[in-house]
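Student: Generate a structure from the sequence data that follows.
(chains A and B)
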Amino acid sequence: DTGVSQDPRHKITKRGQNVTFRCDPISEHNRLYWYRQTLGQGPEFLTYFQNEAQLEKSRLLSDRFSAERPKGSFSTLEIQRTEQGDSAMYLCASSSHRLAGGVGANVLTFGAGSRLTVL
Amino acid sequence: GNSVTQMEGPVTLSEEAFLTINCTYTATGYPSLFWYVQYPGEGLQLLLKATKADDKGSNKGFEATYRKETTSFHLEKGSVQVSDSAVYFCAPASFQGAQKLVFGQGTRLTINP
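Tutor: Okay, here's the model as predicted:
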């Protein structure tokens, strides 16, 4: 297994254009997360899938953002009509929840991220 | 929701010095606690974790103990190396549902030879 893969690694676009990022999680992982990280800050949660169902979305995820995971494997994050404030690193993570003694140990494995620059 | 407060950086130490990075959190229930590390030019990597009170997570010489009474998870290492230079993130996981991680702002650590 090669870990969590994200594509593209870098994207430069002009304001108003649409961009799409792809994430391929670890194959046996049923949970998939998207985060956004701006320079000098910690990652901020955007959304979460369990299998193909999108179960939680942050208020950070405006109407211009949409995420899908149609077959419960890879996921896409699309940003429509990009703004300069969308410039950030978009991180994908996956996990496989295991219960041990009634306490979860949900360890997230992160990809290298997709860096977006909006001019 | 959960929140976390980390020691502000940047932190600069000499090689072989003792390291402490403080982390306190607020959370509902008893979350699992994590430290992640981000080396220059690389993605986030799990450093260590603890899932219940008094558990001690350890890896690569780093340790952190889950202190329920003080809601803390301080990171320590007895003798740091230049290769430990990175940004360190403390992150409690939400107790239910997505069990998503809530990250602090990170602490940038620089170790000088």
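Student: so where do the strands sit in the chain?
Tutor: Unless you meant another one, I'm taking chain A. Assigned by DSSP state E, the strands in chain A fall at A:5-7, A:10-13, A:19-24, A:31-37, A:44-50, A:53-57, A:65-68, A:75-79, A:88-95, A:99-100, A:103-104, A:109-110, A:114-118.
Student: not quite, I wanted chain B
Tutor: Going by DSSP E, chain B shows strands at B:3-6, B:11-14, B:19-21, B:23-26, B:33-38, B:44-50, B:56-59, B:62-65, B:75-77, B:86-92, B:107-112.
Student: Give me every residue in chain A lying close to chain B.
Tutor: A:31, A:33, A:40-45, A:48, A:50, A:55-56, A:91, A:93, A:95, A:97, A:100, A:103-113 (CB under 8 Å from any CB of the partner chain). Yep, even glycine has a C-beta here, placed from its N, CA and C like the rest.
Student: filter the residues you listed to the buried ones?
Tutor: A:31, A:33, A:42-45, A:48, A:50, A:56, A:91, A:93, A:95, A:104-113 (16 or more other CB atoms under 10 Å in any protein chain shown).
Student: tell me the centre residue of chain A?
Tutor: Centroid-nearest residue in chain A: A:Trp34, 2.4 Å away (criterion: CA atoms, centre = their mean).
Student: Quick check: chain neighbours aside, which residue is closest to it?
Tutor: A:Leu46 (4.3 Å; CB to CB, 6 or more residues apart in numbering or on different chains).
Student: Same check on B:Tyr66?
Tutor: Nearest to B:Tyr66 is B:Ala50, by CB to CB, 6+ apart, at 4.0 Å.
Student: check contacts around A:Phe65.
Tutor: Residues near A:Phe65 by CB atoms under 8 Å, 6 or more residues apart in numbering or on different chains: A:46, A:77-80.
Student: which non-adjacent residue is nearest whatever residue of chain A ends up closest to chain B?
Tutor: Distance from chain B to each residue of chain A (CB to the nearest CB) is smallest for A:Gly42, at 3.4 Å. Using CB to CB, 6+ apart and skipping the chain neighbours, the partner closest in space to A:Gly42 is B:Phe103 (3.4 Å).
Student: Count residues in the vicinity of that neighbour, would you?
Tutor: B:Phe103: 22 surrounding residues under other CB atoms under 10 Å in any protein chain shown.
Student: Just list the residues touching it, thanks.
Tutor: B:Phe103 touches A:42-44, B:4, B:36, B:89-91, counting by CB under 8 Å, 6+ apart.
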